[in-house]
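Undergrad: 3D, please:
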Amino acid sequence: MLDPHGGRILGDRWPEKASKVGQRWRHRLERSLKAQPQLLGRAQAPAVGAWPDLQLPREVQSWWSEVESRARERMSDLPGDEDHKLCRALLQLCLVADEASAGIGIGQPRGSWFLLLAAIRLTTNQYRSLGWAVAPEKAVVLPKQHTPQVGLTLRSLSHNLALCPAGEVTPRWRMPLSLHDGERLDLMNLLLLPWPLDLSVKEFEIVPDTGDLLPLADPYRYFRFRRQAGAPRFRAFLEAALEQAKRFVVRVHAIVLPELALTFQEYVEAEQVALQERALLIAGIGCRAGDGGPFRADANACAVQPAGLTSAGFKMSDELVKEQRILQRKHHRWCLDGKQILQYGLGGMMPASKGCWELIEVLRRELYFFTITEWLTVSVLICEDLARQEPAAEILRAVGPNLVVALLMDGPQLRNRWPSHYAGVLADDPGSSVLTLTSLGMSRMSRPRGGETDRSRTIALWRDARSGDHELLLPPGDDACVLSLVCESQKEFTADGRSDHGHTHYPVFGGFQSFEV
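TA: Coordinates of the predicted model:
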């Protein structure tokens with residue numbers, strides 16, 4: 001379709017032309033919005049005539065005229081010739097719109113009327129899409145961080161805009177309020193807490209068939225993982241870990257806990273501490289019906305509170321704390337098969353002859369992206385969601401978040417195990433850095449197979465496209481660690497040859513320090 005030099009479809013010197021036309025388009029939009037700021041609050045997309053003194057670049061006018069004149073034609077009826085005028089006009093409009101949208105959805109508008117309009121539109125759409133004339137139920141347009149540098153797909157054609165399918169997964173993009181004064185965040189320290197440190201087989205239980213459950217055909221059963229609540233003990237551990245971490249790093253920017261690490265009540269305790277410490281909080285939570293949590297039925301979810309890191313200058317009322325909190329349910333149930341039941345020593349609690357499905361409610365699937373700063377957009381996956389990426393994989397790859405955090409309830413995080421494989425897939429395409437984290441208690445329950453060395457204290461794995469993979473091992477006696485990340489910027493190119501001029505950012509491994517709490 002396209003060759004490295006722009007090809008015969010787009011003409012000579014296409015990258016330079018696209019950049020100039022995009023910049024002119026953006027400049028004229030900025031000027032028009034400044035002249036009539038009331039357009040920022042319009043619920044409907046204003047007609048071109050409603051924009052005062054807006055003169056579209058002549059190239060854009062020409063391409064759009066071609067599209068309008070052929071609006072009643074079916075795409076399936078068009079000739080297969082790649083030089084067809086309508087196909088070329090559509091392609092050029094998309095590529096130049098991408099150029100005009102540089103910086104969209106990333107960080108603060110910082111005086112840009114166009115970026116302010118995009119932020120308002122995103123909020124109006126309940127964080128689902130930047131689109132104006134097309135409803136999110138039909139198609140979704142989101143900001144973008146990575147352009148795949150391997151293969152050739154539609155995702156290869158843009159730096160700044162991601163076209164996502166409208167379907168069973170609802171993507172949501174959350175922008176930050178602002179970083180704390182003077183904070184550049186060119187270094188980020190993550191406190192990794194592999195909680196719980198110990199687990200009992202009694203925390204796994206077969207659920208009797210009471211008639212209220214969706215029936216499962218033999219030989220399958222339901223099981224429930226029931227965390228033993230211990231908020232006072234956990235809060236003391238968290239506060240002690242933060243104090244110990246400060247022996248090795250100037251500041252803790254984020255606190256991360258694995259899948260099902262906390263009850264909702266424990267999460268609320270952790271959230272209060274994170275806000276006091278001005279830190280981002282990412283935690284796996286397990287909720288039961290009637291336990292006072294946010295869900296009406298059993299749920300396996302992650303809870304994210306970015307406000308500690310991104311709410312400088314704002315008084316954090318209880319309402320604002322709840323508004324900033326992100327809750328994302330797990331997309332897929334865990335099925336413990338016979339091998340896993342034996343591997344984790346659960347044979348006395350559930351029959352190894354029967355597969356056991358995790359009893360959680362799987363309802364509307366959502367996938368959140370939240371921006372911390374210009375170089376860091378994060379998405380969180382929960383265990384099976386990393387391995388069984390459908391139906392979220394297409395959205396994840398379209399957006400290309402800089403960092404994917406996978407919260408697991410799993411064995412040791414080794415290079416030769418499944419989390420490393422799927423982390424490598426995302427590091428290759430779209431280029432995301434990936435952190436996988438499991439609890440020390442669950443990892444210790446995982447029995448080494450014949451002849452294997454016990455490596456149960458390897459509680460996390462880091463993988464990025466620049467420095468490769470790193471196993472994070474806790475030496476005996478240590479029960480927490482700090483992972484340091486630094487930003488490395490690189491140039492990425494679209495399939496039509498346009499450069500992002502080094503504005504693509506990779507969080508890369510910058511150091512690791514474990515300690516005893």
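
Undergrad: Give me the next element, helix or strand, following the longest helix along the chain.
TA: Ranked by number of residues, the top helix in the chain under DSSP state H is helix 14-35. Counting by DSSP states H and E, the next helix or strand C-terminal to helix 14-35 is helix 58-69.

Undergrad: Buried residues in that following helix, which are they?
TA: 59, 60, 63, 66 (16 or more other Cβ atoms under 10 Å). The C-beta positions use only the backbone N, C-alpha and C, and glycine is treated the same way.

Undergrad: picking up where we left off before, could you export the longest helix of the chain as PDB, CA atoms only?
TA: Output of helix 14-35 as PDB, limited to C-alpha atoms (Å, rounded to 0.1, in the frame of the first residue of the first chain):
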ATOM      1  CA  TRP A  14       4.800  13.400   1.500                       C
ATOM      2  CA  PRO A  15       6.100  13.500   5.100                       C
ATOM      3  CA  GLU A  16       7.200  17.100   4.800                       C
ATOM      4  CA  LYS A  17       4.000  18.100   3.100                       C
ATOM      5  CA  ALA A  18       1.800  16.300   5.700                       C
ATOM      6  CA  SER A  19       3.700  18.100   8.500                       C
ATOM      7  CA  LYS A  20       3.300  21.500   7.000                       C
ATOM      8  CA  VAL A  21      -0.400  21.100   6.200                       C
ATOM      9  CA  GLY A  22      -1.100  19.700   9.600                       C
ATOM     10  CA  GLN A  23       0.700  22.600  11.300                       C
ATOM     11  CA  ARG A  24      -1.300  25.100   9.300                       C
ATOM     12  CA  TRP A  25      -4.600  23.300  10.100                       C
ATOM     13  CA  ARG A  26      -3.700  23.300  13.900                       C
ATOM     14  CA  HIS A  27      -2.700  26.900  13.900                       C
ATOM     15  CA  ARG A  28      -5.900  28.100  12.300                       C
ATOM     16  CA  LEU A  29      -8.000  26.000  14.700                       C
ATOM     17  CA  GLU A  30      -6.100  27.500  17.600                       C
ATOM     18  CA  ARG A  31      -6.700  31.000  16.300                       C
ATOM     19  CA  SER A  32     -10.400  30.400  15.600                       C
ATOM     20  CA  LEU A  33     -11.000  29.000  19.100                       C
ATOM     21  CA  LYS A  34      -9.300  31.900  20.700                       C
ATOM     22  CA  ALA A  35     -11.500  34.300  18.900                       C
END
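
Undergrad: residues of that helix that come out buried?
TA: Neighbour-count burial for helix 14-35 flags 14-15, 17-19, 21-22, 24-26, 28-33 (criterion: 16+ other Cβ under 10 Å).

Undergrad: Now for residue 276: which residues touch it?
TA: Contact analysis of residue 276 by Cβ atoms under 8 Å, 6 or more residues apart in numbering lists residue 308.

Undergrad: does it sit in a helix or strand, and which one?
TA: helix 264-277.

Undergrad: Give me the phi and psi for the closest residue to residue 94 other than its chain neighbours.
TA: Leaving out its chain neighbours, the residue that sits closest to residue 94 by Cβ to Cβ, 6 or more residues apart in numbering is residue 157, at 6.8 Å. In terms of degrees, to the nearest 10, the main-chain angles of residue 157 are phi -100, psi 0.

Undergrad: Identify all contacting residues around stretch 415-425.
TA: Contacts for stretch 415-425 (Cβ under 8 Å, 6+ apart): 386-387, 389, 404, 406, 408, 410-411, 413-414, 434, 436, 461, 463, 469, 471.

Undergrad: could you redo the last one with a cut-off of 10 Å?
TA: 381, 383, 385-389, 393, 397, 404, 406, 408, 410-414, 432-438, 458, 460-465, 468-471 (Cβ atoms under 10 Å, 6 or more residues apart in numbering).

Undergrad: Show me how to select, in PyMOL, the buried members of the residues you listed.
TA: In PyMOL, a selection of the buried entries from these looks like this (16+ other Cβ under 10 Å):
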select buried, resi 381+383+385+386+389+397+404+406+408+410+411+412+413+414+432+433+434+435+436+437+438+458+460+461+462+463+464+465+469+470+471
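
Undergrad: show me the contacts for the residue nearest to residue 94.
TA: Going by Cβ under 10 Å, 6+ apart, residue 157 touches 1, 2, 91, 94, 95, 98, 147, 163, 494, 495, 496, 498.

Undergrad: out of those residues, which are buried?
TA: 2, 91, 94, 95, 98, 147, 163, 494, 495, 496, 498.

Undergrad: The one residue sitting closest to the centre of the chain in helix, strand or coil?
TA: Central residue of the chain (Cα atoms, centre = their mean): residue 379, 1.4 Å from the mean position. At residue 379 the chain is in strand, as set by DSSP: H, G, I helix; E, B strand; the rest coil.

Undergrad: Can you pull out the low-pLDDT segments for the stretch 51-200 of the chain?
TA: 51-53, 79-83, 177-183 (pLDDT under 70).

Undergrad: where does residue 49 land on pLDDT?
TA: On pLDDT, residue 49 comes in at 56.

Undergrad: Residue 214 now?
TA: Model confidence at residue 214, given as pLDDT, is 72.

Undergrad: Would you confirm that it contacts residue 222?
TA: Yes - counting by Cβ atoms under 10 Å, residue 222 is a contact partner of residue 214 at 8.9 Å.

Undergrad: what sits in contact with each of the two?
TA: Residues touching both residue 214 and residue 222 by Cβ under 10 Å, 6+ apart: 357, 359.

Undergrad: When the two are compared, which one has more neighbours?
TA: residue 222 (21 against 7; other Cβ atoms under 10 Å).

Undergrad: tell me which element the more buried one falls in.
TA: strand 221-225.

Undergrad: Tell me the strands beside that strand, with direction?
TA: Strand 221-225 has its sheet partners listed here by DSSP bridges as strand 204-206 (antiparallel), strand 356-358 (parallel).

Undergrad: Tell me the helix or strand right after that strand.
TA: Immediately after strand 221-225, counting by DSSP H and E, sits helix 231-245.

Undergrad: Quick check: buried residues in that next one?
TA: 234, 237, 238, 239, 241, 242, 244, 245.

Undergrad: now swap in stretch 192-201 and tell me
TA: 192, 193, 194, 195, 196, 199.

Undergrad: Output it in CSV with nothing but the alpha carbons.
TA: The C-alpha coordinates for stretch 192-201 follow below in CSV (Å, rounded to 0.1, in the frame of the first residue of the first chain):
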residue,chain,number,x,y,z
LEU,A,192,6.2,-3.1,44.9
LEU,A,193,4.5,-4.8,47.8
PRO,A,194,3.9,-8.6,47.2
TRP,A,195,1.1,-8.7,49.6
PRO,A,196,-0.1,-11.0,51.2
LEU,A,197,3.2,-12.4,52.3
ASP,A,198,1.7,-15.6,53.4
LEU,A,199,-1.4,-17.5,52.2
SER,A,200,-3.3,-20.5,53.6
VAL,A,201,-5.0,-23.2,51.5
